[in-house]
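Asks: return atomic coordinates for the entry below.
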Amino acid sequence: MPAETPPSPEAPESAVPAEAVAPLIRGVRVLRELTEAGGTLSLSGLERATGLARSTVDRITSTLARMGYVRLDGRDAVATPRLMELGNAYLAALRLPDLLSARADALADALDESVSLAVADRDGIRFIHQATRRRAMSLSFRIGDLLPAERTAPGPLFAAEWTDAEWRAWRERRATDPENRHFTAVPPRELPFPDAEFEQRAEAAGRDGWALDDQLIEPGLVAVSVPVRDPRTGRIACVANVVSHTSRHTATDLRDTLLPRLRATVAEMEHELATAPGPDPGPPPSDLASWIGASKHELGREFIESLARGLTVLTAFGEGRAALTLTDVARATGLARATARRALITYEHLGLVRQHPESRTFTLTPRVLSLGFPPLSRTTLPRIAAPHLADLSARVRESTALAILVSRGPDAEIQYTARAVSPRIMGVDIRVGTRLPAAATSLGRVLLAENQSHALLDEEWEDGLRTLAVPLHDRRGRAIAAVGVALHAAGRTATECVDELLPELRRTASRIEDELRAAGRFTRVPLL
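Replies: I've put the predicted structure just below:
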């Protein structure tokens with residue numbers, strides 16, 4: 001008989017509650033498989049990975065596409081940056097990245113080593129912030145990646161606070177998956193170490209207040225960790241972690257030379273947690289129930305209403321909304337209390353929500369980050385823009401492009417970072433990577449004059465060439481890039497360009513900005 005496949009660390013083993021929403025469970029399964037596949041998977045691949053019927057996969061992905069969480073590209077489902085809204089809700093409610101990331105970044109700069117913040121997720125850890133160094137050998141871990149506690153430096157620190165029940169759960173997982181094959185962020189461990197070894201590391205970490213990872217994940221990788229404690233409870237809020245390579249530091253060297261600097265930064269982080277003002281609750285999502293009803297009316301059976309309702313429940317949480325009652329969730333989403341209750345019961349079963357009976361509130365767990373966040377946390381602006389440029393080019397039948405300003409002053413230049421080619425026989429062909437004088441292009445002019453809403457060049461750069469561009473803004477409202485259309489002057493007059501192309505261009509820019517804001521809430525989105 002073939003060996004039994006060990007359970008995934010993402011999959012709860014308890015029986016499904018009678019009130020759980022089955023379509024929501026299936027939708028979460030699709031999102032997790034899509035995440036494990038790196039954010040792109042064929043519909044037939046999703047069918048095989050989830051064990052769901054193809055018709056069910058089609059309806060789920062159609063619903064997710066309507067919500068903007070995936071893009072259907074031929075036979076593939078592709079996770080979009082807007083899916084990061086779910087993980088953003090958890091991170092915003094947690095507040096730790098907002099409060100502590102600047103100090104982690106400063107430490108990474110001072111040490112010239114990668115620094116991360118991690119939280120516990122049952123018997124594993126998840127990263128909530130990464131400040132990495134750009135080197136030939138660099139870390140591949142992403143925000144939201146799940147790692148087994150026993151193979152990390154933060155793990156023993158969290159384990160030092162485990163209850164007997166949590167230790168039993170860890171031993172059961174180790175027995176079914178001794179090689180960590182279901183922790184896809186790390187390579188399998190062919191020679192697992194004895195349970196007692198990790199238990200001893202946890203005891204030492206609890207006693208010493210720090211822990212080391214001496215090449216437990218893979219040869220050459222070393223790390224040292226210190227807990228950041230919640231000033232209200234004294235328990236670990238997160239763990240700060242410095243990672244290096246043995247070509248730069250041994251594990252002992254990390255302890256002797258970098259641990260004091262790490263401890264000093266952790267003391268600053270704990271002071272920040274103790275003195276930070278209360279959160280400023282942003283507005284919860286509004287009128288989502290009406291939008292869901294309209295979508296169901298338009299798409300019919302291809303739109304799974306209960307899945308859409310369930311996913312909106314996660315977005316009810318956020319900064320200042322870390323712990324919500326059932327009434328709070330229903331009010332924020334516009335859903336009936338019974339609908340919100342069933343979604344919360346489902347999420348509690350899936351390990352995405354934790355209920356606190358004493359306060360009658362619910363909170364999100366780090367497991368929400370398993371819904372698309374890791375692969376999307378490494379996206380770039382050109383990747384975000386590319387499908388939108390292609391859609392725009394197909395609609396207006398002209399070439400489109402994205403560019404950034406790479407220098408300022410009298411010789412300011414722009415660089416093309418993404419493009420979509422016109423389907424016309426005669427089109428504009430400027431390759432990605434090309435640099436041009438900013439003042440000579442419409443893309444450059446809207447970036448040089450940041451308050452300019454658009455720029456039109458009418459055969460100023462080249463005879464017969466018209467170009468039109470609008471700026472792209474980041475979360476702070478700064479113009480960081482520009483999107484433009486280029487066409488032959490015989491195709492449209494200058495007036496027709498403004499009347500016909502400018503509205504389309506602005507809609508495209510708005511869609512890119514929406515995804516950029518979602519992606520850039522807790523991660524850095526490179527412009528190149």
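
Asks: now do the same for the residue nearest to residue 198 when sequence neighbours are not counted: helix, strand or coil?
Replies: Closest residue in space to residue 198, ignoring its immediate chain neighbours: residue 150 at 4.2 Å, by C-beta to C-beta, 6 or more residues apart in numbering. Any C-beta I mention is one placed from the backbone N, CA and C, and that applies to glycine too. Look at residue 150: counting by DSSP: H, G, I helix; E, B strand; the rest coil, its state is helix.

Asks: let me know whether residue 150 touches residue 196 as I believe.
Replies: No - between residue 150 and residue 196 there is no contact under C-beta atoms under 8 Å: 11.2 Å.

Asks: higher neighbour count, those two?
Replies: Neighbours were counted for residue 150 and for residue 196 using other C-beta atoms under 10 Å; residue 150 has more, 24 against 8.

Asks: now do the contacts for the more buried one.
Replies: 170, 174, 193, 198, 201, 216 (C-beta atoms under 8 Å, 6 or more residues apart in numbering).

Asks: repeat for residue 133
Replies: Per C-beta under 8 Å, 6+ apart, neighbours of residue 133: 108, 112-114.

Asks: and it, what element?
Replies: Assigned by DSSP states H and E, residue 133 belongs to neither a helix nor a strand.

Asks: do the same with the one 10 residues further on
Replies: Following DSSP H and E, one finds residue 143 outside all helices and strands.

Asks: what about it, neighbour count?
Replies: Neighbour tally, residue 143, other C-beta under 10 Å: 23.

Asks: thought it was touching residue 128?
Replies: Yes - with contact defined as C-beta under 8 Å, residue 143 counts as touching residue 128 (6.3 Å).

Asks: between these two, what contacts are shared?
Replies: Shared contacts of residue 143 and residue 128 (C-beta under 8 Å, 6+ apart): 369, 522.

Asks: quick revisit: just the buried ones from the contacts of residue 150?
Replies: Neighbour counting by 16 or more other C-beta atoms under 10 Å classes 170, 174, 198, 201, 216 among the contacts of residue 150 as buried.

Asks: do me a favour and get the end-to-end distance for stretch 515-528?
Replies: End-to-end distance of stretch 515-528 (C-alpha to C-alpha, to the nearest Å): 16 Å.

Asks: might you list the low-confidence residue ranges for the stretch 351-500 of the chain?
Replies: Scanning the stretch 351-500 of the chain with the threshold set as pLDDT under 70 gives 424-429, 459, 461-462.

Asks: repeat the analysis, applying 80 as the threshold.
Replies: Residue ranges of the stretch 351-500 of the chain with pLDDT under 80: 422-429, 450, 459-464.

Asks: what ranges do the strands span in it?
Replies: For the stretch 351-500 of the chain, the strands defined by DSSP state E, counting those that start in this stretch cover 353-356, 361-364, 399-407, 413-420, 435-437, 455-458, 465-473, 479-488.

Asks: so which elements touch the longest one?
Replies: Here strand 479-488 is seen to pack against helix 381-396, strand 399-407, helix 442-448, strand 465-473, helix 502-519 when contacts are counted using 3 or more C-beta pairs under 8 Å, 6 or more residues apart in numbering; DSSP states H and E.

Asks: list the strands paired with that strand, with their directions.
Replies: Strand pairing for strand 479-488, determined by DSSP bridges: strand 399-407 (antiparallel), strand 465-473 (antiparallel).

Asks: tell me the gap between it and the middle of its chain.
Replies: 27 Å (C-alpha atoms, centre = their mean, to the nearest Å).

Asks: got the buried residues for it?
Replies: For strand 479-488, by 16+ other C-beta under 10 Å, it's 479-488.

Asks: and the angle from it to strand 413-420?
Replies: Between strand 479-488 and strand 413-420, the angle comes out at 60 degrees (axes from the mean of the first three to the mean of the last three C-alpha atoms, to 10 degrees).

Asks: hey, C-alpha coordinates of strand 479-488 in PDB?
Replies: Extracted C-alpha coordinates of strand 479-488, given in PDB (Å, rounded to 0.1, in the frame of the first residue of the first chain):
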ATOM      1  CA  ALA A 479       3.400  60.600  -8.800                       C
ATOM      2  CA  ILE A 480       5.800  57.600  -9.100                       C
ATOM      3  CA  ALA A 481       5.100  56.500 -12.700                       C
ATOM      4  CA  ALA A 482       3.100  57.400 -15.800                       C
ATOM      5  CA  VAL A 483       0.900  55.400 -18.100                       C
ATOM      6  CA  GLY A 484       0.600  56.500 -21.700                       C
ATOM      7  CA  VAL A 485      -0.800  55.700 -25.200                       C
ATOM      8  CA  ALA A 486       1.200  56.200 -28.400                       C
ATOM      9  CA  LEU A 487      -0.400  56.300 -31.800                       C
ATOM     10  CA  HIS A 488       0.000  57.500 -35.400                       C
END
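
Asks: now do the contacts for the residue nearest the centre of the chain.
Replies: Nearest residue to the geometric centre of the chain (C-alpha atoms, centre = their mean): residue 373, 3.1 Å. The contact partners of residue 373, taken as C-beta under 8 Å, 6+ apart, are 35, 83-84, 86-87, 142-144.

Asks: do you know how far it is from residue 485?
Replies: Using C-beta to C-beta, to the nearest Å, residue 373 is found at 33 Å from residue 485.
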